[in-house]
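Q: Sequence below, structure please.
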Amino acid sequence: MDEASPSLYVTFDPTRTRAELRARASYRESLASLMARFPGGRMVDRLAASVPIDEFLTGLEELAKWPDPGSVVWEETFRVRATEMLKDAERSQRILAGDSDGSAVTADEVSELLGSEWSADLTDFQRRDVAKLLSLRHGANFSVPGAGKTRVALAVFAALRKRGLTERVLVVSPKSAYEAWTDESVQCFGEGLTVKLLGSWGYRAADLLIVNYERLGRSLEVLAEWLSAGPAMMILDEAHRMKLGTAGVYGMACMSLAPLSEVRMILTGTPAPNGSRDLESLLSFVWPGRGRRAVSQAVQGGDLSHASRVLKPMYTRTTKQELGLPPVSLRVRTVELPRLHREIYDAIVGRFTPRAERSRSDFDAIGRTVLRLIMAATSPALLALGASRYEPLSLQVPPLELPQSDPLFELLGSLGEYEIPPKYQEALAIVATNAAHGRKTLVWASFVRSISTLELLLSEFAPAVVHGGSPNRQEQIDRFRSDPSCRVLISNPATLGEGISLHQVCHDAVYVDRDFQAGRFLQSLDRIHRLGLAPGTETHVTVLAARGTIDEVVAMRLNEKLEFMGRILDDSAVQQLGDPDDEPSALAGMDAADVDALLMHLAKHVS
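A: I've put the predicted structure just below:
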């Protein structure tokens, strides 16, 4: 820049998630001093710096300290968007303070606001949620799965489009939700809404454009063009996927598109699976320049009841109690590790018997990562390399006699020949009992080899199997739903945790293992416990945990996370899920010979 140029020029950086500030050479030190007052700011080169837009807007008063504020120039597009976001932030501040500007919408007004093009019914709680979201303009719907968040979001869009505030809507969602958005659009608008997937024929003319999170980052340019073609609304479905904010790939992409949206909305039943930082990131998308600070200020005193009251004006939530669902029965069954399993697990975590000591270097080489310990709590044999990532464990029925002299590490890969993993025995007993009573069971297991082992062990019950490598996922789900001989579905929460409804045919679930992701756990629970359950339906969920293993640490941390989420959302049902009741093992009263007899009976049906 020469001396006739602005002393400071403010615009978007190339990612559109940060403000870029470029100074004249004589103001280089002033720029460096300014960046020191923005924790997220960084120098890009000698005369340029960048700051996250959210942080820049929050600390905008710092620009008043610029040596020559009269020569600061804002790029026009950035100025317009920044002004709009500042107005939104000011409005959110008034909402939090309980000030009404007279624009609040009531539930009784919703039907008239939707207009003649709307053709779907709304429940009382859906009308309430639509009214609140219209009053907020930018908003968050944290209702539980099954409450109809998709329909509510479409109703908000219909009302805004009728008022001329928006013409089109971009929906960012998991692939599993494509069908729901397409079907709901038809039910709500008939043929009056053109729905397209990004990249499909004619997508540029879509009224509702759908893109998945995985594709978002590499499609920013075309999506920015689409959003800029007319006043647009942007909806993040299952918004917890961008909980890392600008520190994550999905969050970076979402935040870059946020300023191009006239209206922003997030949908998720699990907004804070790991604490307040997740909630900060989500509300920063809804209200750049205000959302993060609002959450931080609300929770900083540690009083979550107070934080819930403070934040409640910023979102709407329908709870399971409001849906009229019976409570889920969640119980934990603790299993004892058999002798060899215990010796190997203890060696993996660094507690060595004399025999294990001889293989210390081998066990140290395995490492002590979270996933490895979760595997080892189920069966250390999962840690050994198989012929493929899908190869089931070799289970010997009845087990061979335990060798006393073989090196412990050499026994790791063949552990199933000497001891049947107790979690598998427990899962088998539960599935068999349910099948005998005509009930289907959903079995959750995190690891593919564990899933394939369970598939073999449960073969008598014609299991359907779904994991990330399944080529016929929908076929397997349909078979579980419709085939009376298929008594069990085996899957992992990473694959089947969102977007699938199984509550019409299945009311029993078993968790062979769990990890630390509270949001994923809640999502998976809702596959069989959601709106549409017949009155009086009993839903039973059993968590299997190995005593004295990482399972106990996982349970403790999930309890803490669910407690936080339940209190911040003022939802007692979520808090209760973190502390399941203890339940005796299904194998209680069975000795080793009984278990062997059951396994041998089932082994006859293995093809």
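Q: now the helices for the stretch 251-400 of the chain?
A: 276-286, 291-299, 304-311, 320-323, 339-348, 354-357, 360-366, 370-378 (DSSP state H, counting those that start in this stretch).
Q: where's the first one relative to the chain centroid, distance-wise?
A: The chain centroid and the centroid of helix 276-286 are separated by 14 Å, computed with CA atoms, centre = their mean, to the nearest Å.
Q: Check stretch 227-236 too.
A: On CA atoms, centre = their mean, the centre of stretch 227-236 falls 24 Å from that of its chain.
Q: can you pull the contacts of W444?
A: 491-493, 509-513, 524 (CB atoms under 8 Å, 6 or more residues apart in numbering). All C-beta atoms are positioned from the backbone trio N, CA, C, and that covers glycine.
Q: any idea how far it is from A494?
A: Distance of W444 to A494, computed by CB to CB, to the nearest Å: 10 Å.
Q: next helix or strand past the longest helix anywhere in the chain?
A: Ranked by residue count under DSSP state H, the longest helix found in the chain is helix 76-96. Helices and strands here follow DSSP states H and E; after helix 76-96, the next one along the chain is helix 110-114.
Q: same for that next one, what does it pack against?
A: helix 124-136, helix 149-162 (3 or more CB pairs under 8 Å, 6 or more residues apart in numbering; DSSP states H and E).
Q: contacting residues for the closest residue to S470 other than its chain neighbours?
A: Excluding its sequence neighbours, the residue lying closest to S470 (CB to CB, 6 or more residues apart in numbering) is Q476, at 6.4 Å. Q476 makes contacts with 464-466, 470, 489, as judged by CB under 8 Å, 6+ apart.
Q: where's Q476 relative to E76, distance?
A: Taken as CB to CB, the span from Q476 to E76 is 54 Å.
Q: In TSV: the helices of the stretch 251-400 of the chain, plus distance to D45, mean neighbour count and mean pLDDT.
A: Formatted as TSV, those follow (distance: least, CB to CB, whole Å; neighbours: other CB atoms under 10 Å; pLDDT from 0 to 100):
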stretch	distance to D45	mean neighbour count	mean pLDDT
helix 276-286	27	25	86
helix 291-299	27	21	80
helix 304-311	40	16	81
helix 320-323	53	18	86
helix 339-348	49	20	82
helix 354-357	56	14	60
helix 360-366	45	14	59
helix 370-378	40	21	84
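Q: Ok, which of these comes nearest P39?
A: The closest of the helices of the stretch 251-400 of the chain to P39 is helix 291-299. By CB to CB, the value is 11.9 Å.
Q: Quick check: which element contains A555?
A: helix 550-568.
Q: how many degrees apart are that helix and helix 291-299 in direction?
A: 100 degrees (axes from the mean of the first three to the mean of the last three CA atoms, to 10 degrees).
Q: Can you point out the buried residues in helix 550-568?
A: 550-551, 554-555, 557-559, 561-568 (16 or more other CB atoms under 10 Å).
Q: Keep only those of the contacts of Q476 that are in strands.
A: Among these, the members falling in strands (DSSP state E) are 464-466, 489.
Q: who wins for most neighbours among those?
A: L489 (27 neighbours; other CB atoms under 10 Å).
Q: and it, what does it touch?
A: Contacts of L489 (CB under 8 Å, 6+ apart): 440-443, 463-466, 476-477, 480, 502, 506.
Q: repeat that with 10 Å
A: 440-444, 461, 463-466, 476-477, 479-481, 496, 500, 502, 505-506, 509, 527 (CB atoms under 10 Å, 6 or more residues apart in numbering).
Q: So in terms of bridging, what pairs with it?
A: L442, A464 (DSSP bridges).
Q: can you tell me how far it sits from V510?
A: 11 Å.
Q: Strands along the stretch 301-450 of the chain, start to end?
A: Counting by DSSP state E, counting those that start in this stretch, the stretch 301-450 of the chain has strands at residues 315-316, 329-335, 440-444.
Q: so which of the ones you listed gets nearest D129?
A: The nearest among the strands of the stretch 301-450 of the chain, by CB to CB, is strand 315-316 at 4.4 Å.
Q: Which neighbouring elements make contact with the closest one?
A: helix 124-136, strand 139-141, helix 276-286 (3 or more CB pairs under 10 Å, 6 or more residues apart in numbering; DSSP states H and E).
Q: Using TSV, lay out the ones you listed together with distance to W201.
A: Output for the helices and strands packed on strand 315-316, formatted as TSV (distance: least, CB to CB, whole Å):
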stretch	distance to W201
helix 124-136	32
strand 139-141	31
helix 276-286	30
